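Trainee: the sequence and its predicted three-dimensional model are supplied below.
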Amino acid sequence: MFQKKKRIIAVAFGLTLTGALLQTPLLNAEESSPRMQESKLEAYIKFTQILNLIENQYVDEINTTTLIDKALKGLMGNLDAHSVYLDKKEYKDLTIQTQGEFGGLGIVVGMRNGALTVIAPIDDTPADRAGVKAGDIILKIDDKATLGMSIDDAVAVMRGKPKTPIVLTLIRKGITKPIRVKIIRDIIKIKSVKPKLVKLDDGTELLYLHISSFDSHVVEEVKSAIKSNPSAKGYIIDLRNNPGGLLDQAVGLLDMFIDKGVLVSQRGRNSEENVEYKAHKKDTDNQTPIVILVNGGSASASEIVSGAMQDDRRAIIIGEKTFGKGSVQIVIPLGKNENDGGLKLTVARYYLPSGRTIQNKGVTPDIVVYPGEVPRENNDSISIKEKDLKKHLEDELKKLDSENNVSTEGNTTIPNTSDDNNSTAEKKKKGATLDKKKIFSDMQLKSAIDILKVLILESETKRKK
């Protein structure tokens, strides 16, 4: 039987999870047949016999507590990649982590084909700045090989005091030799939502929302960014390398843009884990065009958002196939305090509105775009245009420039921004403008902007009709 405490369901490894106190008798006479009870009893007897044999005959002396801890770790590790037994130190570390500030590298890891793999580096953390990428396989942590190492053991080794160094040996797709990356640990503080404006040549403004993880402030910060930029005609939601987080924040974000139907559901073995999260019509924006960016580092809550928006045809999904984590974990304390340890246990799978699962499948974008720079015209190349010809309609050009409030210097038209510049206070309120250099160095982002422009034109055309 569960004695419930406050439940916060998370769907990504390494972020805030659920608390509940498990009080289950070993044998439940009401739910078990006599044969099942007998079978359980036989299993417990066998387990006790093996413990006694190891205690009395193993080459090295080992106590019962250590044996039980090892047995539990092996048991949980063989269930799935995300269920784990937490001893008192690991449970305490997880408690510190869920408070949102800890000493570490800033990466989320998972197991892929038995290899310790980077799901995503968290934006603006030591790992991100050192060049660690989603999809990197961690071969060694300092001099310790990761083969056979559990996720939680790896995280424990990578965490440490701020300003202390650590070296990761990585295997990266497309590079034949292992890469050694030195990283200096730091306090990991995450600002999950970073809004920026994108100003198009015709004056149209788009709002770019980079969400690095789904912490408890995502919905609040997205609403604030939208409110601060009322002139934005479309939104780009960047979920690349977002490893997930709190389910309620993913649901809250979806509820901002979808006004009816099931947003996501979860189903588990116990009926109390079977939950449907539905949209509410109030305060929903189901008109503003949206494009969502994803990649192989987008996991869990990111897949809920992108997959549900795709199912509802509310947004166009651009980028690469996502990670494919569709399970829900809870953390169960095993005693009255953190010294008693706990379990992190997979209790359910989640499903998108169409009924499809993401587990091991991920979300396939509507438009697949691979990363890279945007090809551009070489400024050194020779090209002749109408304006370069003798006796082109120069007077007409000057007339148009005057009407459009632009000044002409040589053959290049430059916007006259003296009257259009926002005040410093207004800029601070709205946030920074996305740099053109960043846009042209990011093929996926540039594609998102171009497609959003088309969606805006289509939306405006419909309204005029």
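Mentor: Received it, and whenever you're ready, just let me know what you need.
Trainee: tell me which residues of the one helix or strand residue 463 maps to come out buried.
Mentor: Here residue 463 is covered by helix 443-464, with elements defined by DSSP states H and E. Using 16 or more other Cβ atoms under 10 Å as the test for burial, helix 443-464 gives 443-449, 451-453, 455-456. Quick note: C-beta positions are derived from backbone N, CA and C, even for glycine.
Trainee: can I get the CA coordinates of that helix in PDB?
Mentor: Provided in PDB are the C-alpha atoms of helix 443-464 (Å, rounded to 0.1, in the frame of the first residue of the first chain):
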ATOM      1  CA  MET A 443      21.000  25.300 -40.400                       C
ATOM      2  CA  GLN A 444      18.200  24.000 -38.200                       C
ATOM      3  CA  LEU A 445      17.400  27.300 -36.700                       C
ATOM      4  CA  LYS A 446      17.500  29.100 -40.100                       C
ATOM      5  CA  SER A 447      15.200  26.500 -41.500                       C
ATOM      6  CA  ALA A 448      12.800  27.000 -38.500                       C
ATOM      7  CA  ILE A 449      12.800  30.800 -39.200                       C
ATOM      8  CA  ASP A 450      12.100  30.300 -42.900                       C
ATOM      9  CA  ILE A 451       9.300  27.800 -42.300                       C
ATOM     10  CA  LEU A 452       7.800  30.100 -39.600                       C
ATOM     11  CA  LYS A 453       7.700  33.000 -42.100                       C
ATOM     12  CA  VAL A 454       5.700  30.800 -44.500                       C
ATOM     13  CA  LEU A 455       3.300  29.800 -41.600                       C
ATOM     14  CA  ILE A 456       2.800  33.500 -40.700                       C
ATOM     15  CA  LEU A 457       2.100  34.400 -44.400                       C
ATOM     16  CA  GLU A 458      -0.400  31.500 -44.600                       C
ATOM     17  CA  SER A 459      -2.100  32.600 -41.300                       C
ATOM     18  CA  GLU A 460      -2.400  36.200 -42.500                       C
ATOM     19  CA  THR A 461      -3.800  35.100 -45.800                       C
ATOM     20  CA  LYS A 462      -6.500  33.000 -44.100                       C
ATOM     21  CA  ARG A 463      -7.500  36.000 -41.900                       C
ATOM     22  CA  LYS A 464      -7.900  38.300 -44.900                       C
END
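Trainee: who's in contact with it?
Mentor: Residues outside helix 443-464 that contact it (Cβ atoms under 8 Å, 6 or more residues apart in numbering): 198, 200, 204, 206, 208, 233-236, 238, 240, 287, 289-291, 293, 295, 316, 318-319, 367, 369-374, 438-440.
Trainee: can you flag the buried ones in the residues you listed?
Mentor: Among the contacts of helix 443-464, those classed as buried by neighbour count (16+ other Cβ under 10 Å) are 198, 204, 206, 208, 233-236, 238, 240, 289-291, 293, 295, 316, 318-319, 369, 439.
Trainee: before we move on, back to that, okay, and which of the contacts of helix 443-464 map to strands?
Mentor: With strands taken from DSSP state E, the overlap with those comprises 198, 206, 208, 233-236, 238, 290-291, 293, 316, 318-319, 367.
Trainee: tell me the two of the residues you listed that are most distant?
Mentor: Farthest pair in those (Cβ to Cβ) is 233 and 319. Separation: 21.8 Å.
Trainee: surely residue 270 meets residue 345?
Mentor: No: here residue 270 lies out of contact with residue 345, judged by Cβ atoms under 8 Å, at a distance of 11.4 Å.
Trainee: more neighbours, those two?
Mentor: A side-by-side neighbour count of residue 270 and residue 345, using other Cβ atoms under 10 Å, places residue 345 first with 21 against 9.
Trainee: okay, and the beta partners of the more buried one?
Mentor: Taking DSSP bridges, one finds residue 330 as the beta-bridge partners of residue 345.
Trainee: tell me where the stretch 301-450 of the chain has helices.
Mentor: Ranges of helices in the stretch 301-450 of the chain, per DSSP state H, counting those that start in this stretch, are 301-311, 394-403, 424-430, 436-440, 443-464.
Trainee: rank these by pLDDT, which is bottom?
Mentor: Ranked by mean pLDDT, the helices of the stretch 301-450 of the chain end with helix 424-430 at the bottom, a mean of 47.
Trainee: how about residue 434, nearest residue that isn't a chain neighbour?
Mentor: residue 196 (4.3 Å; Cβ to Cβ, 6 or more residues apart in numbering).
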